[in-house]
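# got a sequence here, can you model it:
(chains A and B)
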Amino acid sequence: MKNLISFEIRKLFQARVLYVCAGVLVLLVLMFAGINKLQEVVVEEAMSGLAVGDETIAISTSDDMPDSLAALMGMSSRHSGVNDMLQALTNVYIVIVFAAFVAVFFCGDYGNGTIKNVFTKGYTRTEVFFSKYLVCLAVSLCYALLAMLTGFLCGFLMWDVGKEWGGKVALLVLLQLLTVAGYNALFCFLAAVFKRVGSTLAMSLALPIALPLILTLIDLFAGLGSGGTSQYWLAGCISLVSSVQATAADMTRCAICSGLYCILFTVGGWFFHRKREV
Amino acid sequence: METVLKTEGLTKAFSKKTVVNEISMTIRRGDIYGFIGKNGAGKTTFMRLILGLAIPDKGTVSLFEGEDRRTAGAKIGSMIEAPALYTGCTALENLRRFSIISNGVKGAGKKDDKELTELLELVGLQDTGKKAAGHFSLGMKQRLGLAIALLGDPEFLVMDEPVNGLDPAGIKSIRDTIRTLNQEKGVTFLISSHLLDELSKTVTRYGIINNGVLVEEIDKQALDEQFRRNITITVDNPLKAASILQGMIPEKDLVVNGDVLTVYSHQYEAAALNRTLVQAGLQVSGLNTHVNDIETFFLERIGE
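Just a heads-up that it's a prediction; the model follows:
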C-alpha cells in the first residue's frame, strides 16, 4: 500500500484540481470577509446619528457591542481573527470545494481507465480505496486549515485578533477538522457508489445544500426549532463549534456525530468499493 | 512444464446473458497463446476475469501455479481494450507514475528516467518529448500502452488487440518485440486479435472462443499439419453419413453443411471413408480434396 500512496501523491501534486480548489477556497473566504466588512460599514453609516427622543445614539461595531445588537444588525457575531477563523468552514460553498476535489481526484482513474493498470498488478480493492481515501483526507484537512488561516488573517487585518485564545479555541479547531473528516468520508462514499466524476460531483454538490434544508424544514414542521435534527448533520455540527461561546454539550454532540459519520461513511465506501468491477 | 495460467470452469454473466461459459484453459510458460473469436465472443471479458478486473460468477483462476494475487500481479503486464493513459501527461511521466506501482519480479520497483527512456525507445516513442499523451495518434497510444505493460519486467503479458491502429511498420515492430521477449526472456503471452494472418506469424498455440465457450485449443504446429487438406463428401443423407463417420473419426474433425460433409485431418483415408458410406447404402455423389486457408478453418469453428 505504501507504493499506492506514493503513486497517489505523485498524481496529486501534478493535478490541476488541487491548486484550482485551493485558489477558489481562498477567494471565497476573502470574498465573504469583504462582504462582511462592507455590510458592517453600510450598517454603521445607516445607523449613525439615530435619534431617540432628544438623544442621539452613536452606533459602533466595536468589541464592546453586545451580541444582541450585532444580531439586530444582521451579523452572526462580532468579527475578529479568531471568530472569522472559527466561522470559515460554516459556509456551504466552502464544503462544495472539498466535494469538487474529492469527486475529481477519487474518480479520475476510473473515468480514464488507468485504474486497470493498478488492479492488474494485484492490488486489492481495499488497498486502492484507502490509499485514495487517505490522500483525499490529507488534502481536505489542509484545505480546512487553509480556509481557517485565511479567515484568521482577514479578521485580523480588517478588525482585530480577538480576545479568546487558548485551549478552547484549539479544541474547537480540532472538532471542526473532525467534521471535515466526516465530510471527506461522505464524499469518498459517494465516489465509491457512483464511480464517475460527473455523477459523484452532482451528488456531492446537491447533498450539502439539499440535506440541511430538508432537515430544517422537518424541524420547522415538527416544531423542534433550533435544537432539532439539523443540529445532528455535519453542517449543524460545524455550526455548533463555530463560536467561542460553544458549550461543552455542543462540543460533545459535534464530536460524537462527526465521529460516527466518519466511521459510517468510511465503512460504507469500503463496502461499495470492494466488489467494484472496472 | 510450469503453467502460468490455469482456469477451471470460469463463468461470467451480464444481465442473464452468459458471456464466458465454463472456460477451462491452461497456458504454459513460454507459450504465445492466440485467442481468436468474433466480436462479442467473450475474449475481452475472459481477459478481464483473469486479470482481476471483473469478478467471476463461478470457476477459478490460478496464476503461476497458485501464487497469491499480489505476488502474481507483480509479474503480469496487460493492455486491455483501449490503452489506459494519463492523457494530460507526457509518455515519460506516464511511465514514471506506473513504475511506482510496478514492483516487478526482481523488486525492480521505480525505475530511473534512463531505464524508462530505454523502454520508450523499445516501442518507438523516444521522440515524443513534451507532447501530452492525449495528443498522440492511436498507434502512439498503443505503443505507450505496451510500454506501460512492460514495466516491472513481467513474465506474463495479456494483450487485447495489441496491433489495433498500427501501420504495417508498427505491426511488424510489435511482432518483433513479442518474439524477442518470448525467445530471449521467456515471456509468456496471451494475445487476442482479429488479424488471423498476423496472429499466425506469432503464436505457438490457439484458443478459439465462440459465444463464451472455448471451442478448441490447438498447437500451431498441429494446426499447420492438420488443416492444410480436407475432404468434402456430397451424400444423399448427410445426417446418416455423419452418424456413421463419427464411429470412425473424432467429432471435431467432421463438419456437416447442408448435404456436404467436410472431414479434416483424414485426407489419406478418403478411400476408406467412401467405402464405408457406400457399404452403408448411401449414395456418394462427390468426393474432393481441398486445401483450406486458416481463415476458413477458424470461421467454421466460430460458426460463420
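# buried sites along stretch B:195-208?
For stretch B:195-208, burial by neighbour count (16 or more other C-beta atoms under 10 Å in any protein chain shown) applies to B:196, B:198-200, B:202-208. Every C-beta, even on glycine, is put in place using the N, C-alpha and C of the backbone.
# save those residues as TSV, and put in pLDDT, distance to chain A and secondary structure too.
Shown next, in TSV, are the buried residues of stretch B:195-208 (pLDDT from 0 to 100; distance: C-beta to the nearest C-beta, whole Å; DSSP: H, G, I helix; E, B strand; the rest coil):
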residue	pLDDT	distance to chain A	secondary structure
B:Leu196	76	26	helix
B:Glu198	79	24	helix
B:Leu199	81	22	helix
B:Ser200	81	27	helix
B:Thr202	86	22	coil
B:Val203	90	22	coil
B:Thr204	92	23	coil
B:Arg205	92	22	strand
B:Tyr206	90	24	strand
B:Gly207	91	20	strand
B:Ile208	90	25	strand
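# just the residues you listed now: which is nearest A:Ser204?
Proximity to A:Ser204 was ranked across the buried residues of stretch B:195-208 by C-beta to C-beta; first place goes to B:Gly207, at 44.6 Å.
# what is that closest one paired to in the beta sheet?
B:Phe35, B:Glu217 (DSSP bridges).
# number of nearby residues for the residue lying closest to B:Glu2 once chain neighbours are set aside?
Spatial nearest neighbour of B:Glu2, chain neighbours left out: B:Arg29 (4.6 Å); criterion: C-beta to C-beta, 6 or more residues apart in numbering or on different chains. By the measure other C-beta atoms under 10 Å in any protein chain shown, the count of residues near B:Arg29 is 16.
# quick one, what contacts B:Arg29?
By C-beta atoms under 8 Å, 6 or more residues apart in numbering or on different chains, the contact set of B:Arg29 is B:1-4, B:155, B:186, B:188.
# only the buried residues of the longest helix anywhere in chain A, if you could.
If you go by DSSP state H, chain A has its longest helix at helix A:125-158. Neighbour counts over helix A:125-158 (16+ other C-beta under 10 Å) mark A:125, A:127-137, A:139-141, A:143-148, A:150-156, A:158 as buried.
# stretch B:67-75 now?
In stretch B:67-75, counting by 16+ other C-beta under 10 Å, buried: B:69, B:72-75.
# now swap in stretch B:80-99 and tell me
B:80, B:82-86, B:89-99.
# chain A contacts on chain B?
Applying C-beta under 8 Å from any C-beta of the partner chain, we find that chain B lies next to chain A at B:48, B:51-55, B:68-74, B:76-78, B:80-82, B:84-87, B:89, B:93, B:96-98, B:100-103, B:148, B:152, B:158.
# so of the buried residues of stretch B:67-75, which ones are in helices?
Going by DSSP H, the helices hold B:69, B:72-73 from the buried residues of stretch B:67-75.
# now B:Leu214: which helix or strand?
Under DSSP states H and E, the secondary-structure element containing B:Leu214 is strand B:213-219.
# which strands or helices does that strand pack on?
Packing partners of strand B:213-219 (3 or more C-beta pairs under 8 Å, 6 or more residues apart in numbering or on different chains; DSSP states H and E): strand B:17-28, strand B:205-210.
# just name the most buried of the ones you listed.
strand B:205-210 (a mean of 22; mean count of other C-beta atoms under 10 Å in any protein chain shown).
# how much space is there between the closest residue to B:Leu10 other than its chain neighbours and A:Met158?
Leaving aside its sequence neighbours, B:Leu10 sits nearest to B:Gly59 (C-beta to C-beta, 6+ apart; 3.6 Å). B:Gly59 is 68 Å from A:Met158, where distance means C-beta to C-beta, to the nearest Å.
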